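Participant: With the sequence up front, the predicted model follows.
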Amino acid sequence: MNIIKRLFKISWSAVMLASLSLVSSACSSDDDEPSPVKTEPTPQIIVMYGPGGLGDQGYMDCILTGVQRFKRTHYAEVDMYQYSPSTMDEAERLLYDWLSLPQSNIPALFVVASSDYESLVAEALSEHSLTDNKRMLMFENDIQLDLPITIFRMSMYGASYLAGVTAGEYVKSLGEDVGIKDALILLAHPNDLTIAKSGAGFQSGFDSVGLDATAYTEYLADDWTGYVSAQTAYQRMSKWSKSYAFVFPVAGGSNQGIYRYTREYFDSPLTAGMDVDQSGLSRNITGSVIKRIDNVVYDFMETWLATGELPESTVFGLESGYVDWLLSPNYSQYQPIVDAARQEAIRKEATEL
């Protein structure tokens, strides 16, 4: 377990004790010492990050940034607990323990900060109902799921479409004599709707340029481990470099293997950053599909703290301002092309939401 995970790994008993201490003080007998002036109970927020996700220099770390900013802003108003499970079994224990806590007057929010927990959450909620004081926020899942919680999803289709346009224009600039023109869409695994939509957006943008080239799709793994397989991605790059002019990786921390390879081998294909501006990680990064997930999680938690309720489930796309395609400084020549394609990207994304 790395230092970041150790930093945020908490004792669940601490949460239980905090809750029980508030309940017991509220139930004191009239024969006890005079009670202090009653105050409103302190709201509690638990954030459960994705398995093995912290330290990815991307999506999970961006969530952490938003959570920490909220914690600094509201440290006197809310008790916060952060947990980074190393296995799905740990995540299951944490969630079931929280759902098993009895009804109380403590406002409680559980933030499920990963799409990998969809099945776990659905199963847990089929066995335990949310008490009146509890609310749950889940990231990056289908908002049509029949669950009594708030779900948001960030559509990368539009931003990825612009990435595909950029990649296509780059391939076009190589000329007719260059043999390698195809692109690779590298996804962590085949069971994540969000990254699948991102791959589809890239392909649509790439195809819109009208090239005699194809964007192929491959997966790093069959499950969430595809997000933490940087070494595997690095090793496969030697093969991919012989077949593709551009690699579009949507694989969380595994992307670091792609970027490392492009730093070490000059003739590597061009690529894209993901989740945050990663242009400084490699000269081959043409731009980054940025997801301002730190702002999203901050805004949701602030709404809950102020009102006791969460906003309706929703999808944020290119038009929302939470998602965008940000060109790297070394590839600013593509800005007019990206700007010209933006409205088409928004239009196409609207049909995919």
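Facilitator: Happy to help now that I have it. Every value quoted in this text rests on a predicted model; they were computed, and no experiment measured them.
Participant: Okay, helices next: where are they in this protein?
Facilitator: Here the chain has its helices, by DSSP state H, at 3-8, 12-26, 59-73, 88-100, 118-127, 157-173, 193-208, 230-240, 255-264, 293-307, 335-352.
Participant: can you pull the pLDDT of Ile143?
Facilitator: What the model reports for Ile143 is a pLDDT of 77.
Participant: show me what contacts it?
Facilitator: By C-beta atoms under 8 Å, 6 or more residues apart in numbering, Ile143 lies in contact with 151-153, 313-315. Placement of C-beta: from N, CA and C, glycine included.
Participant: Quick one: which of those is the most crowded by neighbours?
Facilitator: Of all the contacts of Ile143, the highest neighbour tally under other C-beta atoms under 10 Å goes to Ile151, namely 24 neighbours.
Participant: In this structure it contacts Asn141, no?
Facilitator: Yes. The criterion here is C-beta atoms under 8 Å, and Ile151 meets it with Asn141 at 5.1 Å.
Participant: So which helix or strand of this protein has the lowest pLDDT on average?
Facilitator: helix 12-26 (a mean of 39; mean pLDDT, DSSP states H and E).
Participant: In stretch 115-128, which residues are buried?
Facilitator: Buried residues in stretch 115-128, counting neighbours by 16 or more other C-beta atoms under 10 Å, are found at 115-118, 120-121, 124-125.
Participant: And stretch 193-210, by the same measure?
Facilitator: 194-209.
Participant: And for stretch 71-81?
Facilitator: 71, 74, 78-81.
Participant: again with stretch 217-236
Facilitator: Neighbour counts over stretch 217-236 (16+ other C-beta under 10 Å) mark 217, 219-221, 224, 226-230, 232-234, 236 as buried.
Participant: got any ranges where the stretch 201-350 of the chain has weak pLDDT?
Facilitator: For the stretch 201-350 of the chain, no stretch has pLDDT under 70.
Participant: hang on, the earlier thing: which of the helices of the chain is buried the deepest?
Facilitator: Mean neighbours per residue, mean count of other C-beta atoms under 10 Å, is largest over the helices of the chain for helix 157-173, with a mean of 26.
Participant: what's the spacing between that one and its chain's center?
Facilitator: The chain centre lies 22 Å from the centre of helix 157-173; the measure is C-alpha atoms, centre = their mean, to the nearest Å.
Participant: How about stretch 279-296?
Facilitator: 13 Å.
Participant: what distance separates the start and the end of it?
Facilitator: 22 Å (C-alpha to C-alpha, to the nearest Å).
Participant: same check, this time on stretch 311-320
Facilitator: Separation of the first and last residues of stretch 311-320 by C-alpha to C-alpha is 15 Å.
Participant: for stretch 260-276, same thing?
Facilitator: 17 Å.
Participant: now stretch 163-182
Facilitator: Stretch 163-182: ends 14 Å apart by C-alpha to C-alpha.
Participant: Quick one: mean pLDDT for it?
Facilitator: On average, stretch 163-182 scores 91.
Participant: Other residues contacting it?
Facilitator: Taking C-beta under 8 Å, 6+ apart as the rule, stretch 163-182 contacts 183, 201-209, 211-216, 242-246, 248, 269-270, 272, 286-287, 289, 325, 327, 331, 334, 337-338, 341, 345.
Participant: what residue ranges in the stretch 1-150 of the chain are flagged as low confidence?
Facilitator: Counting by pLDDT under 70, the stretch 1-150 of the chain shows low-confidence ranges at 1-38.
Participant: Apply 50 and report the result again.
Facilitator: 1-32 (pLDDT under 50).
Participant: if we can go back for a sec, reformat the buried residues of stretch 217-236 as a markdown table; add distance to Ile293.
Facilitator: Formatted as a markdown table, the buried residues of stretch 217-236 follow (distance: C-beta to C-beta, whole Å):
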| residue | distance to Ile293 |
| --- | --- |
| Thr217 | 24 |
| Tyr219 | 23 |
| Leu220 | 21 |
| Ala221 | 22 |
| Trp224 | 17 |
| Gly226 | 19 |
| Tyr227 | 15 |
| Val228 | 18 |
| Ser229 | 21 |
| Ala230 | 20 |
| Thr232 | 25 |
| Ala233 | 22 |
| Tyr234 | 25 |
| Arg236 | 27 |
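Participant: Now flag whichever of the residues you listed is closest to Trp98.
Facilitator: Distance to Trp98, by C-beta to C-beta, is smallest for Trp224 among the buried residues of stretch 217-236, at 21.0 Å.
Participant: Specify which member of the buried residues of stretch 115-128 is nearest to Asp89.
Facilitator: Leu120 (10.1 Å).
Participant: Any figure for the gap between the residue most central in space within the chain and Lys239?
Facilitator: Nearest to the mean C-alpha position of the chain, by C-alpha atoms, centre = their mean, lies Tyr59 at 4.7 Å. The spacing between Tyr59 and Lys239, counted by C-beta to C-beta, to the nearest Å, is 26 Å.
Participant: Please apply the same query to Ser114.
Facilitator: Remark: distance between Ser114 and Lys239 (C-beta to C-beta) = 30 Å.
Participant: Which phi and psi values does the closest residue in space to Gly168 that isn't next to it in sequence adopt?
Facilitator: For Gly168, ignoring the flanking residues on the chain, the nearest one in space by C-beta to C-beta, 6 or more residues apart in numbering is Val209 at 3.1 Å. Main-chain dihedrals, Val209, degrees, to the nearest 10: phi -70, psi -20.
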